[in-house]
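Asks: how would this look folded up:
(one chain, ligands or ions: 1)
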Amino acid sequence: MKPAPFTRHVPRTVAEAVEILSKVAPEDGRVLAGGQSLVPIMAFRLAKPAHLVDINEIAELARVDNDGKALAIGAIARHAAFHKPAVEGPLGALLSAVARHIAHYPIRTRGTFCGSVAHADPASEWCLVAATLDATMVAKSARGERRIAAKDFFQGIMTTALAEDELLTHVRLPLLPADAKFGFNEFNRRAGDFAMSAALAVYRMEDGKIVEPRIGVGGTEPFPRRIPQAEAALDGQAPGDKVFRAAAEAAAKAVDAMEDHQTTADYRRDLVRAVVRRALEHRA
Ligand SMILES: Cc1cc2nc3c(=O)[nH]c(=O)nc-3n(C[C@H](O)[C@H](O)[C@H](O)COP(=O)(O)OP(=O)(O)OC[C@H]3O[C@@H](n4cnc5c(N)ncnc54)[C@H](O)[C@@H]3O)c2cc1C
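Replies: Below you'll find the model as predicted:
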């Protein structure tokens, strides 16, 4: 099928984009970033936006900047921008390790980090990274700019705190300390598919003990989130099989796993047990 007719707007600046969005959003206008989720949905006529605000010509939004505190990822930075480390240290390595799990190479050259975050698929790897690292989303509209913490941003399956006239201009990921360790694991039946469950583990070591643990789980509940019970099982413990299994068990108990056409809630809970343990075992 072909998409329903629409008008394409091509702003050159953020100011122009939010001005257009303020006019067309009430008439079912949408932002077009990489188009890797929106265009297929339009082709199936599951969405019929009357206007697309194509942000691909706004050069300033292609930047990925390190300001010493955070990595600011602009709205048209592609998934492929993270194939090689975008920043020195553990954060750059973490983003590279995760990027290769997203879809397939051609999709990664077009789809965007911020588009994934705005689209908020429960299984999105970038949403999991944003939730686990407590990212800040920067949204602009004709009404001004606001910053939204990850814990408030993700609200449900493909539902976020963004208003219909807001452009997600950047996602700010806090830099990780030089001694941070991380591990990522996801389960899917075929390479490139969306994860049926995924986990990201990040922590530091002090005097042989785990400190500042972060355990995020995605693809399991309507949106990814940190799991405090799993983090508590790690905090202050020496890393090892027993502790990792205890954290994985705590995560499996804590999640309210979704059921869908692919799997039951019980199976998905089992997957959480597996992906959390594997993320902890394969830490870098
Ligand atoms: C075969 C296939 C496999 C895939 N596998 C995976 C996978 O394993 N993991 C994964 O995470 N993704 C996967 N994807 C999706 C892909 O990563 C998309 O690139 C991503 O979900 C959306 O990014 P985009 O830039 O293409 O956004 P678009 O498709 O352009 O937009 C998606 C939605 O977000 C909105 N939006 C986009 N950018 C902004 C913004 N800056 N501000 C406000 N709203 C905005 C749009 O209006 C639209 O509603 C897959 C896609 C395909 C086709």
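Asks: I would like the residues contacting stretch 238-256, please.
Replies: 199, 205, 208-210, 213, 215, 217, 220-221, 227-234, 237, 268-270, 272-274, 276-277, 280-281 (CB atoms under 8 Å, 6 or more residues apart in numbering). (Each C-beta comes from the backbone N, C-alpha and C, glycine too.)
Asks: Count the residues that sit near residue 155.
Replies: The tally of other residues near residue 155 (other CB atoms under 10 Å) stands at 13.
Asks: secondary structure element for it?
Replies: strand 154-156 (DSSP states H and E).
Asks: just checking, what packs against that strand?
Replies: Applying 3 or more CB pairs under 8 Å, 6 or more residues apart in numbering; DSSP states H and E, one finds that strand 154-156 contacts helix 125-132.
Asks: Quick one, grab the pLDDT at residue 284.
Replies: Note on residue 284: pLDDT of 58.
Asks: Would you mind naming what in the stretch 51-200 of the chain lies close to the ligand?
Replies: 75, 102-103, 107, 111-112, 114-116, 118-119, 121, 124-125, 162, 167-168, 194 (CB under 6 Å from any ligand atom).
Asks: the strands in the stretch 51-200 of the chain, which residues?
Replies: Ranges of strands in the stretch 51-200 of the chain, per DSSP state E, counting those that start in this stretch, are 51-54, 64-66, 70-74, 136-141, 144-149, 154-156, 159-160, 167-174, 181-187, 197-206.
Asks: Distance to residue 95 and mean pLDDT added to the ones you listed, as JSON lines?
Replies: Below are those laid out as JSON lines (distance: least, CB to CB, whole Å; pLDDT from 0 to 100):
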{"stretch": "strand 51-54", "distance to residue 95": "26", "mean pLDDT": "98"}
{"stretch": "strand 64-66", "distance to residue 95": "9", "mean pLDDT": "97"}
{"stretch": "strand 70-74", "distance to residue 95": "8", "mean pLDDT": "98"}
{"stretch": "strand 136-141", "distance to residue 95": "16", "mean pLDDT": "98"}
{"stretch": "strand 144-149", "distance to residue 95": "20", "mean pLDDT": "98"}
{"stretch": "strand 154-156", "distance to residue 95": "19", "mean pLDDT": "98"}
{"stretch": "strand 159-160", "distance to residue 95": "21", "mean pLDDT": "98"}
{"stretch": "strand 167-174", "distance to residue 95": "8", "mean pLDDT": "98"}
{"stretch": "strand 181-187", "distance to residue 95": "10", "mean pLDDT": "97"}
{"stretch": "strand 197-206", "distance to residue 95": "11", "mean pLDDT": "98"}
